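Chemist: This is a predicted model, with the sequence first.
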Amino acid sequence: MTVPIELYPAIDLRGGRVVRLLRGDYLQQTVYDVDPLDIARRFRDAGCQWLHVVDLDGAKDGRPVNLTIIEKLIERSGMQVQVGGGIRTEEVMEYLLAVGAARVILGTRAIQDIEWFEKTVHDPRFRGRISLGLDARDGVVATHGWTSSQAKSVTLAEIATIVAAWPLAAINFTDITRDGTLAGPNVQATADLAALTPNIPIIHSGGVANISDIEQLMHLPIAGIIVGRAIYEATLDVAEAVKLLASASPSAN
């Protein structure tokens, strides 16, 4: 069944500020002089239904750091919010869902402790509320806020095959080599992942620069497109992208 593709504007937080990293490198950071709550409301007013929020400090430190801002975004943005970054315990997951997050994104612990992850995904408390964050360089999964790869290399295909039948809310796939570059999306890798997990919604991230990139991705069997730098540097108009994606939805045809 064809479903609408949602635009997920991204708010990446570090030190309480909105930032973007280049290819996941914490030393190559751009800080944007915007208020997180204000920009979130602008996304909502442009027609967005979802917001993608990442605690970059949390991803690196292994525990949420920017919780105060995240809570305000969940409460006041007027959108459904998926949250990632440093979420590695059931207690943190329960807390974020209790304060209104629509989904939590697990990456590092999910990959490092796949047995725990399987149990957690099937737990009634979290069933259908967890997105798997699959972030990769050249097909190899990275963890700890992208600062390290697995000691034993794990590929996207291997992980996808393992989780394909699990009740995940989504898989957030990021090609780290494209992230923050405005160099265009890795369409083929996204298509390959979608083919391996036909029963799990795929959300693409990385490289989107303009409306042409949205047009490339909207023909894939995916559920969402995360966009960050292109919005903040005004190479992509949010309202235009939302309108384009809506025009391709079943209800619009």
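Modeler: Looks like it came in fine.
Chemist: so where do the helices sit in the stretch 151-253 of the chain?
Modeler: Along the stretch 151-253 of the chain, counting by DSSP state H, counting those that start in this stretch, helices occupy 156-163, 187-196, 211-217, 229-232, 238-247.
Chemist: Which elements pack onto the shortest one?
Modeler: Applying 3 or more C-beta pairs under 8 Å, 6 or more residues apart in numbering; DSSP states H and E, one finds that helix 229-232 contacts strand 17-22, strand 25-32. To be clear about C-beta, it is placed using only N, CA and C from the backbone, and glycine gets the same treatment.
Chemist: cool, and the third one?
Modeler: Packed against helix 211-217, as judged by 3+ C-beta pairs under 8 Å, 6+ apart, are the following elements: helix 187-196, helix 238-247.
Chemist: would you list those in a markdown table and tack on mean pLDDT, distance to Y32 and mean neighbour count?
Modeler: Listed next are these as a markdown table, based on pLDDT from 0 to 100; distance: least, C-beta to C-beta, whole Å; neighbours: other C-beta atoms under 10 Å:
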| stretch | mean pLDDT | distance to Y32 | mean neighbour count |
| --- | --- | --- | --- |
| helix 187-196 | 96 | 26 | 17 |
| helix 238-247 | 97 | 14 | 17 |
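Chemist: Dump the helices of the stretch 151-253 of the chain into CSV; add distance to D12 as well.
Modeler: Shown next, in CSV, are the helices of the stretch 151-253 of the chain (distance: least, C-beta to C-beta, whole Å):
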stretch, distance to D12
helix 156-163, 22
helix 187-196, 20
helix 211-217, 19
helix 229-232, 10
helix 238-247, 16
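Chemist: closest to I114 out of the ones you listed?
Modeler: The closest of those to I114 is helix 156-163. By C-beta to C-beta, the value is 6.7 Å.
Chemist: Tell me the buried residues in the closest one?
Modeler: L156, I159, A160, V163 (16 or more other C-beta atoms under 10 Å).
Chemist: returning to that earlier point: out of the helices and strands packed on helix 211-217, which is closest to V65?
Modeler: That would be helix 238-247 among these, by C-beta to C-beta, at 26.9 Å.
Chemist: show me the contacts for G16.
Modeler: Shown in contact with G16 (C-beta atoms under 8 Å, 6 or more residues apart in numbering): N66, I69.
Chemist: Provide the partner residues of the spatially most central residue of the chain in its beta bridges.
Modeler: Closest to where the C-alpha atoms of the chain average out (C-alpha atoms, centre = their mean) is N172, at 4.8 Å. Beta-bridge partners for N172, by DSSP bridges, are G133, I203.
Chemist: Show me the helices in the stretch 1-150 of the chain, by range?
Modeler: 36-45, 56-61, 67-76, 90-98, 108-112, 114-122.
Chemist: Which one of the buried residues of helix 156-163 is nearest to G228?
Modeler: Of the buried residues of helix 156-163, the one sitting nearest to G228 (C-beta to C-beta) turns out to be L156, at 20.9 Å.
Chemist: so that closest one makes contact with V141?
Modeler: Yes: using C-beta atoms under 8 Å, L156 is in contact with V141, at 6.4 Å.
Chemist: Between these two, which contacts overlap?
Modeler: By C-beta under 8 Å, 6+ apart, the residues touching both L156 and V141 are L134.
Chemist: sorry, back to before: can you tell me which of the buried residues of helix 156-163 is closest to N186?
Modeler: L156 (10.8 Å).
Chemist: Quick check: that closest one vs G180, distance?
Modeler: 19 Å (C-beta to C-beta, to the nearest Å).
Chemist: Of the helices and strands packed on helix 229-232, which stretch is the most buried?
Modeler: strand 17-22 (a mean of 19; mean count of other C-beta atoms under 10 Å).
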